[in-house]
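K.L.:
I need the structure of the sequence given here:
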Amino acid sequence: MQGLSAAPPAAFLLLSALLLPAAAAPGAERELNPSSRLAAAAARVALHYLNFQAASPGALRALGQVRKATLKSIPDSGHKYYLQFTTEDYKSGENAGSCLATVLYPKTKAPPVVSIKCVHTKDQKQIQEEDNKIYQKIRQQTKAIIGNNIPDSYGNIEPALEPAWALAVAGSSYIMWEKSTENLGYFMAQVKSVKQWIRKDDFVEFDYTVLLHELPTQEIISCHMRLTWVPGRPLKVKYFCASENQGLEDGSGMESGSAAGILHESGANF
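P.N.:
As a prediction, the model looks like this:
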C-alpha cells in the first residue's frame, strides 16, 4: 500500500477510474481499455448467453479479443457495457467471427441483460450438420454414456465423451450467465461426472456435475445440472450449485436481449 499512498493525486485518480466502475457519474459514458478485466468479463457474459441461446454444440464460441468497450452508468438500472469483440470456435480455437453486444448488470440480483449479434464463419447448414452428427452419435450408443473428469488432468477428452462434453459447455453457459455479476465471472473448468438417461422420445438427457472456476476469487464451484436437448430446439437446463442454499433453477430458450423467463422450482430435485 505504500506505493499507492506515495502516488501523485492524478495517478491515484486514474487508477481509481480504471478499477472502480461504480464511480462513473449517472448517465456518463467512458471508453474502457479493451484489454481490461471488466471488458473481457462482460464479453464472456455475452458469450455465455449466446452459447446457451444457440442450443448448438456445433456453434459454441469462446472469447477471442475485445476490440472496443464502453461503459455507461444508467440511473436506477446499473452499468451497461457496449462491446465489439472477436470469437473463436470453442473446440478448435479457429476464428469464429465477430460480435457486437451490450451487457447490463442490474442493480438488483437479476442476471445480466444481454443483447448480442454475431457474424459466424460457419454457415447455418454446416452448424446443423455438426449438431446432427453429435446427436446421432449420442442416439446410436448401445449403452448410456457415463464418464468422469472431462477433460482429464492432461487436457484430453475421450472421443466417445466429446458430445456429452460439448452439451455440458452449452448447458453450463446458462448457469455462468445467470450467476455472473460485474465483479464475479465464470469459466467451466471440468465435467466432474456425467450420466445419460435413456429416453423413448427424441430428446437426449444428461445428469452432470460441473466444476465452475470463479474469478477473481479463484474458487471452484460444483453444480449439479440436468440437461435435455434435441437439435433445433431450445436447451432445457435445471441446476443446483453446492454453494447456494436455494431451490432448483430452470432455464430454457429465453428471448434474446432479455433476462425474462427464469423459473424457480423450490424443493425440486433430481
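K.L.:
Show me what the closest residue in space to residue 242 that isn't next to it in sequence is bridged to.
P.N.:
The shortest distance from residue 242 to any non-neighbouring residue, by CB to CB, 6 or more residues apart in numbering, is to residue 222 (4.5 Å). All C-beta atoms are positioned from the backbone trio N, CA, C, and that covers glycine. Following DSSP bridges, residue 222 is listed with bridge partners residue 211.
K.L.:
burial count for residue 222?
P.N.:
Residue 222: 13 surrounding residues under other CB atoms under 10 Å.
K.L.:
isn't it right next to residue 214, touching?
P.N.:
No: between residue 222 and residue 214 there is no contact under CB atoms under 8 Å: 11.2 Å.
K.L.:
Find residues that contact each of those two.
P.N.:
By CB atoms under 8 Å, 6 or more residues apart in numbering, residue 222 and residue 214 have no common neighbours.
K.L.:
in this protein, which spans are helices?
P.N.:
Assigned by DSSP state H, the chain shows helices spanning 2-5, 9-19, 37-54, 124-139, 162-179.
K.L.:
So which of those helices is nearest residue 108?
P.N.:
helix 162-179 (13.2 Å; CB to CB).
K.L.:
which other helices and strands contact the closest one?
P.N.:
Here helix 162-179 touches helix 37-54, helix 124-139, strand 146-150, strand 185-197, strand 204-215, strand 220-229, strand 236-241, strand 248-252, going by 3 or more CB pairs under 8 Å, 6 or more residues apart in numbering; DSSP states H and E.
K.L.:
okay, residue 8: pLDDT?
P.N.:
For residue 8, the pLDDT comes out at 41.
K.L.:
ugh, typo on my part, it should be residue 18
P.N.:
36.
K.L.:
Ok, residue 27 next?
P.N.:
You'll see residue 27 listed with a pLDDT of 62.
K.L.:
what does residue 200 give?
P.N.:
Reported pLDDT for residue 200: 87.
K.L.:
burial count for it?
P.N.:
There are 5 residues near residue 200, going by other CB under 10 Å.
K.L.:
so what's it up against?
P.N.:
Per CB under 8 Å, 6+ apart, neighbours of residue 200: none.
K.L.:
try residue 197
P.N.:
144, 205-207 are the contacts of residue 197 under CB under 8 Å, 6+ apart.
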